Structures are given as structure tokens and as C-alpha cells.
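Novice: Sequence plus predicted model, see below.
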Amino acid sequence: MAAMELVCAGAVAGCASGGGEGTGAAEQAQGQPSQEQQSGVQIDTPKDASQVDLCGLLPPELAEKFELPPEGKPDTSITTGEETCRWSNADVGRGLDITAIGDRSLQTYLDNRDQYTDFEQVQIAGQPAVRANKGTPPQDGGRFCDFFVALNENQVLSSQATGANSEAEDPCQIAREGAEKAVSNIPPAK
């Protein structure tokens, strides 16, 4: 298990540096969003993950579907410094990180879309979201995939998957399904 954490940590660190096949999406959008940026994305059902146990957002059966351990482990995101939950399996070279990023608007990603080789606006669990990846796009054989979901004007949920040693699973399928389930389990903002 420790080996996979190193693989995932290395994969996420690669993402942060923007080198190799990493995505670099999280660190590219770290700046504090302006009010103008915040107001550009319509969020009909604001949610708040600030008081949520991130490791409780993914049901064991979904983790097991992707050959990940049923329970994630709390950690700190290498790219954002935020609390994250990591599911990883060194035997299959696969991992998933779910992170709630505060003080960030989805507009930040939209404003920087030209920095990504793979960028698409999507809806995840009824919330506006983007798939934003640097490096080799997953559809061209890249082994990393990031989705960012607007929870409210100042918070996004990041779902980052790696399939570094695996041809069997599309990392975007893992990241998307992880995001769908995680977001659906986050309560509405008060």
C-alpha cells in the first residue's frame, strides 16, 4: 500500500509540476478568485464540504468497482495543501483523490482553459464542472484525469484519478464517477 501512495504522490506531484503526463490543473488555479470571477458560474444548489469527512463521501462498493480499497485515507493534497482523501492500490497502479478546495471558484478554471490540453465543461451531480487536464489527454493514452466541480462560489471539489500502470480503466471514468458520488453526498450550504 505504501508503494501506491508513493506512486500516487508522485503522480499528483507530477500533476503539480506540470511536467511529464501530469495534469497541473490544481496548482494553475490557486489564485484567490475575484468577485467578478465568482459571479460567472451559475450554481443553483450550493453545497458546502468544509465540515464533511471527505473519506466518507465515496461508498465502498464504488471504490471496489475500480479495485481501490473500500476506505480512503486522509492526507494533505500535494498540489493545494488542502485536506484530501486518497484511495490507492499499488497492485493495479490506480488511485483517486477527493479534495475540497476553499477560496476557489470554478470560474478560475474557465478563465484559464487555454492552459489545458484536455478541457471540457460538464455537469456533475447537477453542479457545473470542468474536466481540466495538462499533458497527454486521457483519450490519447494519458494516465491522469482531473474534474473540478463548483460546490459554491468559493469552493470546488477536485476529483483526481490516476491509472498510471493500468490500461484497463480510463482514469476519467474513475475521476468522474468518484466526483458524482462525492458531490451527491455533500450537504447543501446553509
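Specialist: Looks like it arrived, so ask away.
Novice: Poorly predicted segments of this protein, please.
Specialist: 1-39, 137, 164-168 (pLDDT under 70).
Novice: who's in contact with the residue nearest the centre of it?
Specialist: By C-alpha atoms, centre = their mean, the chain has its centre lying nearest to residue 159, at 1.9 Å. Going by C-beta atoms under 8 Å, 6 or more residues apart in numbering, residue 159 touches 96, 97, 98, 146, 147, 148, 149, 175, 176, 178, 179, 182. In short, each C-beta sits where N, CA and C put it, glycine included.
Novice: repeat for residue 149
Specialist: 106, 124, 125, 127, 128, 129, 156, 157, 159, 179, 183.
Novice: roughly how far apart are the closest residue to the third one other than its chain neighbours and residue 126?
Specialist: The shortest distance from residue 125 to any non-neighbouring residue, by C-beta to C-beta, 6 or more residues apart in numbering, is to residue 183 (3.8 Å). Note on residue 183: its distance to residue 126, by C-beta to C-beta, to the nearest Å, is 8 Å.
Novice: Who has more neighbours out of those two?
Specialist: residue 183 (24 against 14; other C-beta atoms under 10 Å).
Novice: what about residue 82, neighbour count?
Specialist: 16.
Novice: now residue 55
Specialist: Around residue 55 there are 17 residues (other C-beta under 10 Å).
Novice: Doesn't it lie inside a helix?
Specialist: Yes: counting by DSSP: H, G, I helix; E, B strand; the rest coil, residue 55 falls inside a helix.
Novice: isn't it right up against residue 70?
Specialist: No: if you go by C-beta atoms under 8 Å, residue 55 and residue 70 don't touch, sitting 10.6 Å apart.
Novice: looking at the sheet around residue 144, what are its partners?
Specialist: residue 162 (DSSP bridges).
Novice: Wait, residue 69 touches residue 88, no?
Specialist: Yes: assessed by C-beta under 8 Å, residue 69 is found in contact with residue 88 at 7.5 Å.
Novice: which of the two has more neighbours?
Specialist: Using other C-beta under 10 Å as the criterion, residue 69 and residue 88 rank with residue 88 on top: 26 against 15.
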